[in-house]
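*Asks:* kindly return the folded structure for what I paste below:
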Amino acid sequence: MKKLVILSIITLCLFGCRQEKEKKAVYIIIDGVPADIIERLDLPAIREISSRGAYGRSYVGGTVGRYDQTPTISAVGYTDLLTSTWVNKHNVPGNSNLSPNYNYWTIFRIAKEQKKEVKTGLFSSWIDNRTVLLGEGKPETGNLRIDYVYDGYELDTAAFPKKEYDLNILDVDEHVSKEAAECIRENAPDLSWVYLWYTDDAGHYFGNGEALDESVRIADRQVGRVWEAVKYRQENFNEDWMIVVTTDHGRDFKGYGHGGQSERERVTWVATNQKVNERMTSGKSAIVDIAPSISRFLGFEIPRDVLWEQDGIPFIGKVDIMEMDILPYDNSVDLNWECLDGKAMVKVWAAADNKFREGGKDEWIDVGYVPAKAETFRVDLTSLPESKFYKFVLETPNTTLNRWYSITKDKYTNFKFPVAYSH
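*Replies:* Predicted coordinates for the structure are as follows:
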C-alpha cells in the first residue's frame with residue numbers, strides 16, 4: 001500500500017510538472033501612431049488582444065522640464081522600451097549618429113544573461129535596431145547574439161525597390177510580419193520583437209487623414225498575423241504567451257511630425273493579452289514599463305544594479321508603490337511616491353556618485369525604512385557624502401523606483417532669515 005501511495009504521489013508530481021506552461025513573449029512596435037487614432041478606428045487584431053487582457057494609454061518623453069525629458073523620436077522610443085530608461089541614461093537622442101550607453105542593459109541582454117537558455121527573435125524593418133540599439137556582437141553588450149534574425153530588407157533594393165511615398169517600406173513590413181508569424185509558429189522564440197515602420201512614413205507624408213488611417217488598419221492586419229501564430233502555439237503546445245502591442249511616439253497636431261513634448265506627441269498606448277495591475281489602469285504607465293512587465297512574465301532575474309537603474313515598473317503582477325518624485329528643501333530632499341499597498345515597507349537608498357554610467361559600481365547607502373503609506377521621506381543631505389549629484393532608490397518587496405538629484409549652488413544657498421525680519 002505504501003509503495004502504491006508513493007507511486008501515486010510521484011505520478012501526480014510528474015503530471016504537475018508536465019502541466020506547467022512554458023512562458024513566451026513577443027512585443028510589437030507600430031511606429032508613430034497616437035492613441036486617439038487607435039481608439040477611433042476599428043482594429044480587429046488589437047481589439048481582440050485587448051479583450052483577453054487590457055488596453056491603456058501610456059506616455060513617452062520622460063518628465064517635461066526635468067533631467068529625464070526625452071525626445072519623442074523613433075529610435076529614442078525603441079531604446080526607452082529596450083532598456084526601461086530615458087535618454088539621460090541610454091544616450092540615444094535621435095535616429096542617426098548613435099552611441100548608446102550599453103551599460104544600461106536591454107531586455108535582450110537580460111534574457112541572454114539568464115541561467116536557463118533563452119531563445120530570442122528580431123523581426124525588423126530597420127537593421128539598426130539590431131546592429132546599433134541592441135549592439136549585437138559588441139563586447140560592450142557581452143557579445144549579444146539574437147537567435148532568429150529577419151531584418152535588413154530596407155537595404156535590399158532589388159527585392160524591395162524604391163516606391164513613391166516610401167511604399168516600399170510597407171512592402172517590407174508585410175514581409176517582416178509574415179516572417180515573424182512563420183518563425184513564431186514553427187520555432188517559438190522565448191522573447192521576440194516585431195517592428196513595423198510604415199505608419200510613421202504615412203504620417204510624415206500625409207498627416208492626419210485617410211492615408212494615415214489606412215496605414216494603421218494595414219498594420220493591425222500585420223499584427224493579426226503574429227497574433228494568429230501566438231494563438232496557434234497556445235492551442236497546440238504547452239505554452240503561455242504574453243503579447244504587447246504599442247507605439248514609440250505620437251504625432252503633432254496635424255499629424256505630420258513629432259519629437260516635441262505636446263500632449264499628442266507624448267500620449268501613446270499599450271494593448272496586451274495579459275491581465276494588468278493598477279499601474280496600467282491608473283493611466284500613468286509609460287513605455288519604460290514594458291520591459292519590466294515582460295521580464296516579470298518570463299521570470300527573468302535582473303541584477304540589482306541593472307534593476308535599480310530601470311525607470312519603469314511592471315504593469316502586471318503585484319506593485320507596492322509608483323510615481324516617485326523629488327522635491328529639494330534647503331539641505332534636504334523630500335522623496336515622494338504614491339502608495340498602492342498600505343502594508344508594504346519602503347527601504348530608502350542613496351548614492352553620491354554615478355559610477356554605473358561609466359561601467360562601474362555605485363556605493364549605495366541605507367538611509368531609512370518607512371511604511372509605504374507615509375508616501376514621503378526626507379533625506380538629510382548633510383548626512384551623506386558631500387556631492388553635487390545624488391541618486392535615490394525606493395525598494396519594496398515588489399517594486400523599485402529611482403530618481404536623480406543634481407545640486408546647483410548659488411549665492412542664495414543656505415541663506416538664513418534674520419530672527420527679526422520685516423517688510
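
*Asks:* correct me, but Asp200 touches Ile29?
*Replies:* No: using Cβ atoms under 8 Å, Asp200 makes no contact with Ile29, being 10.1 Å away. Where C-beta positions appear, they are placed from N, C-alpha and C, glycine not excepted.

*Asks:* who does Ile29 bridge with?
*Replies:* According to DSSP bridges, the partner residues bridging Ile29 are Tyr195, Thr246.

*Asks:* what is the neighbour count of it?
*Replies:* 25 (other Cβ atoms under 10 Å).

*Asks:* so what's it up against?
*Replies:* Remark: with contacts taken as Cβ atoms under 8 Å, 6 or more residues apart in numbering, Ile29 is in contact with 77-78, 81, 193-196, 246-248.

*Asks:* not counting sequence-adjacent ones, nearest residue to Ile184?
*Replies:* Of all residues not flanking Ile184 in the chain, Ala229 sits nearest, at 4.2 Å (Cβ to Cβ, 6 or more residues apart in numbering).

*Asks:* from Val319, how far off is Val306?
*Replies:* Taking Cβ to Cβ, to the nearest Å as the measure, Val306 falls 19 Å from Val319.

*Asks:* the two: which has the busier surroundings?
*Replies:* It is Val319, of Val306 and Val319, that has more neighbours when counted by other Cβ under 10 Å, with 22 against 17.

*Asks:* that one and Leu340 touch, don't they?
*Replies:* Yes: proximity of Val319 to Leu340 meets the contact threshold set by Cβ under 8 Å, at 5.6 Å.

*Asks:* what do those two both touch?
*Replies:* Both Val319 and Leu340 are in contact with Glu278, where contact means Cβ under 8 Å, 6+ apart.

*Asks:* where's the residue nearest to Ile184, which helix or strand?
*Replies:* With elements delineated by DSSP states H and E, Ala229 resides in helix 210-236, which encompasses its position.

*Asks:* buried set for that helix?
*Replies:* Of the residues in helix 210-236, 212-213, 215-216, 218-220, 222-227, 229-231, 233 count as buried by neighbour count, 16 or more other Cβ atoms under 10 Å.

*Asks:* so which elements touch it?
*Replies:* Here helix 210-236 is seen to pack against strand 22-30, helix 35-40, helix 44-52, helix 167-186, strand 191-196, helix 198-206, strand 239-246 when contacts are counted using 3 or more Cβ pairs under 8 Å, 6 or more residues apart in numbering; DSSP states H and E.

*Asks:* pLDDT on the longest one, on average?
*Replies:* Looking back up the chat, that one is helix 167-186. This predicted structure assigns helix 167-186 an average pLDDT of 98.

*Asks:* show me which residues of that helix are buried.
*Replies:* Taking 16+ other Cβ under 10 Å as the basis for neighbour counts, the residues of helix 167-186 that come out buried are 167-177, 179-181, 183-185.

*Asks:* Ala372: neighbouring residues, count only.
*Replies:* When neighbours are defined as other Cβ under 10 Å, Ala372 has 20 of them.

*Asks:* look up how far Ala45 lies from it.
*Replies:* With Cβ to Cβ as the criterion, Ala372 and Ala45 are 38 Å apart.

*Asks:* returning to that earlier point: how close does the residue nearest to Ile184 sit to Arg52?
*Replies:* Relative to Arg52, Ala229 is positioned 15 Å away (Cβ to Cβ).

*Asks:* now the helix holding Ala229 against strand 191-196, angle please.
*Replies:* Relative orientation of helix 210-236 with respect to strand 191-196: 160 degrees, computed using axes from the mean of the first three to the mean of the last three Cα atoms, to 10 degrees.

*Asks:* outline the domain layout of the chain.
*Replies:* Following automatic domain parsing, one gets these domains for the chain: 21-307, 321-406.

*Asks:* buried deepest among those domains, which one?
*Replies:* Each of the domains of the chain was assessed for mean neighbour count using mean count of other Cβ atoms under 10 Å. The highest is domain 21-307, with a mean of 20.

*Asks:* check the offset of it from the chain's centre.
*Replies:* What separates the centre of domain 21-307 from the centre of its chain is 9 Å, taken as Cα atoms, centre = their mean, to the nearest Å.

*Asks:* now the end-to-end length of it.
*Replies:* Terminal residues of domain 21-307 are spaced 26 Å apart (Cα to Cα, to the nearest Å).

*Asks:* what about the helices in this protein?
*Replies:* According to DSSP state H, the chain carries its helices in the segments 2-19, 35-40, 44-52, 74-83, 87-90, 107-112, 128, 167-186, 198-206, 210-236, 263-266, 278-281, 290-298, 304-307.
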